[in-house]
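J.: quick one, what's the 3D model for this:
(one chain, ligands or ions: 2)
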Amino acid sequence: MNELTGIPASPGIAVARPFLYVLEDPSTVPVREIKAEEAPAEWARFIGAVGKARVEVTALRDKASIEAGEDQAAIFESHLLMLDDPELHERIERSLAKKLVNVERVLADIEREFVDKLGQADDPSLRDRVSDIQDISRRILGHLLERERPSLAEIADDVVLVARDLLPSDMISMNRARVKAVVTESGGRTSHVAILARAFEIPAVVGVAGAASKLRAAKLVAVDGDRGLVTADPDEAALARNEVSRSASAARQRELDALRELPAATTDGFRVLVKANIEVPEEADTVLAHGADGIGLFRSEFLFLGGHVPDEEEQFLAYKRVIEAMKGKPVTIRTLDIGGDKVLPELGAQDEKNPLLGWRAIRFCLSREDIFKTQLRAILRAAVFGETRIMFPMIATADELERALALVDEARAECRAKGQATPAMLPIGIMVEIPAAAMTSDILAAKSDFFSIGTNDLIQYTMAVDRGNEKVAYLHAPYHPAVLRLVKLTIENGKAAGIPVGMCGEMAADPASAIVLLGLGLDEFSMSSAAVPAVKRAIRSTSLTEARAVAVAVMALSTSSEVAAYLNTRLP
Ligand code: PEP
Ligand code: MG
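T.: Ligands and ions are numbered 1, 2, ... in the order given. Prediction:
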């Protein structure tokens, strides 16, 4: 038995065999026996993969010589030589004929031999070549494995999915009925993998150092998403402990679900709204089951992340489905927020040096008006089927907001010209998730119908901390005074302008934070559906007067840990 710890990312407990999704690691490359007559075809696959790698490396060399100078370009020049090294090619061909296994396995073994030999060399320049060899070998392996990459959609047995990292698109395409838990080496609580795991109610632990190599040989893996524990081959006692925790948390959930029909109101009768965040239309069905007051954030970009770009009609049907499923409760559709970790090469988004600071969200949409207006038309048409709001992500300036609003007008006019119905009035608001937006929320409030504070990004940009990097996860701190002050300022400016202010970042899902936010004057909370009952309970257990006193006390504290300690003493 071997216990690993990580960041608890999605609650729940599961036990299943591990499914490793770490293909670029040579030691995990699958072995497939081949017949002698298949060897030439395997050899041809190798040559094909080398060709693709050559195109990539040539582009890198050219880019490096323009942007980084000839020294850097020389590195890629040597990679090009290695790709076509006759000795390497000969070894591959010989090993294929001798071992009669798939060519990626042959290449992975040769890489290992080279690396072992060079790693022990006395000459440091030879040792330095290890990373070059790994680089080209992984590049070729990447192309070879493309064809054989096990499809997460085709997972047929119950598994614990173990990966170094997962893309949001992996989470969308995997067979969610069979993935019982997710374990990743990278990531933080607000990384999109964690958000999606909570949305799909799949237990997850992220930031588990060495998970892939430590779990590879396990027959069974137990995941405790409440405590952030991952156990390889749990013994009887550990399995029994898991069972106890599982039934305790099921009982807690049943107790919370009893709140479903009750309003999110304080003991002195102050009513707020507790809504749900969704990523895919199917989730809309669980929103009402958890007792949410509507959808506060529909992350529409996930419609685009499954490898297929939906046209206007498909989008219209998806939005209509969500709006109708809410049976009259409001739905806030956030326009496309791609970029950052949500890469979408199909739409022309490219690799960037700093994707989190780059061409994402509203910035992307304003320069791809065709894509943006297609989405806006689909939303406007669907909006006649129920109460709908439009929300723009990553607004940094009033000019961006004005331009986006003008495009909504254009999209509306285009619908009308085609005789398509659109609502006479539809609230349009913004996410406040960039410090510049929070600081100028008085200016932005004049042009917005509502605000929704996105703390996942607001904290990322305020604290200069990548929200998906487990090594600096301690800095993704909602209780840091800088974050709390920006949240307070945004709420005050929204209130002064008479518009509702909500929060759809993960901070809103924390019952302790909810009291502070209530005291600061927040009107709406939005979170993964499963978190709705616990926040409702927190709100129902306090009075507005008490919450205000808590907020005043918290704003006077100096550090996150002081705030956490103080709130610990206040919560029931
Ligand atoms: C946020 O940034 O807080 C947010 C809700 O948006 P996302 O997590 O999708 O970036
Ligand atoms: Mg965001």
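J.: when you work out contacts or count neighbours from here on, use the C-alpha atoms and nothing else.
T.: OK.
J.: got the contact list for Arg334?
T.: Contacts for Arg334 were tallied using Cα atoms under 8 Å, 6 or more residues apart in numbering; they are Leu297, Phe298, Arg299, Ser300, Ile390, Met391, Phe392, Pro393.
J.: now with 6 Å, please.
T.: Shown in contact with Arg334 (Cα atoms under 6 Å, 6 or more residues apart in numbering): Phe298, Arg299, Ile390, Met391, Phe392.
J.: how close does it get to ligand 1?
T.: When distance is defined by Cα to the nearest ligand atom, to the nearest Å, Arg334 is 9 Å away from ligand 1.
J.: confidence score at that residue?
T.: Looking at Arg334, its pLDDT reads 98.
J.: and Val554, what are its phi and psi?
T.: phi -60, psi -40 (degrees, to the nearest 10).
J.: which non-adjacent residue is nearest it?
T.: What sits nearest to Val554 in space, not counting adjacent residues and going by Cα to Cα, 6 or more residues apart in numbering, is Val563, at 5.9 Å.
J.: again with Pro533
T.: Leu256 (5.4 Å).
J.: quick revisit: which SSE is the residue nearest to Val554 in?
T.: Using DSSP states H and E, Val563 maps to helix 560-570.
J.: tell me which parts of this protein are close to ligand 1?
T.: Residues of the chain found near ligand 1 (Cα under 6 Å from any ligand atom) are Glu433, Gly454, Thr455, Asn456, Asp457, Cys504, Gly505.
J.: filter those residues to the buried ones?
T.: Glu433, Gly454, Thr455, Asn456, Asp457, Cys504, Gly505 (16 or more other Cα atoms under 10 Å).
J.: how about the helices in the stretch 451-572 of the chain?
T.: Secondary structure of the stretch 451-572 of the chain (DSSP state H, counting those that start in this stretch): helices located at 455-463, 481-496, 511-520, 532-540, 544-555, 560-570.
J.: counting contacts, what elements does the third one pack onto?
T.: Which is helix 511-520. helix 544-555 (3 or more Cα pairs under 6 Å, 6 or more residues apart in numbering; DSSP states H and E).
J.: can you do 10 Å?
T.: Contacts defined by 3 or more Cα pairs under 10 Å, 6 or more residues apart in numbering; DSSP states H and E place helix 511-520 against helix 481-496, strand 524-528, helix 532-540, helix 544-555, helix 560-570.
J.: and these: which comes nearest Phe19?
T.: Nearest of the helices and strands packed on helix 511-520 to Phe19, taken as Cα to Cα: strand 524-528 at 25.8 Å.
J.: tell me what the lengthiest strand in the chain is packed against?
T.: When the chain is parsed with DSSP state E, its longest strand is strand 13-20. Using 3+ Cα pairs under 10 Å, 6+ apart as the contact test, the elements touching strand 13-20 are strand 159-163, strand 179-184, helix 211-215, strand 221-224, strand 229-232, helix 236-257.
J.: residues contacting the helix holding Val563, please?
T.: Here helix 560-570 makes contact (Cα atoms under 10 Å, 6 or more residues apart in numbering) with 475, 477-484, 512-513, 515-516, 546, 550-551, 553-557.
J.: A strand includes Glu402, no?
T.: No: according to DSSP: H, G, I helix; E, B strand; the rest coil, the state of Glu402 is helix, so it is not within a strand.
J.: next, format the helices of the stretch 451-572 of the chain as a markdown table and append distance to Val287 and mean pLDDT.
T.: Below are the helices of the stretch 451-572 of the chain laid out as a markdown table (distance: least, Cα to Cα, whole Å; pLDDT from 0 to 100):
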| stretch | distance to Val287 | mean pLDDT |
| --- | --- | --- |
| helix 455-463 | 21 | 98 |
| helix 481-496 | 26 | 98 |
| helix 511-520 | 18 | 97 |
| helix 532-540 | 9 | 95 |
| helix 544-555 | 26 | 97 |
| helix 560-570 | 28 | 93 |
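J.: make TSV out of these and add distance to Leu215.
T.: As requested, the helices of the stretch 451-572 of the chain are exported to TSV (distance: least, Cα to Cα, whole Å):
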stretch	distance to Leu215
helix 455-463	30
helix 481-496	37
helix 511-520	34
helix 532-540	33
helix 544-555	42
helix 560-570	33
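J.: quick one, which of the ones you listed is nearest to Leu96?
T.: helix 455-463 (48.9 Å).
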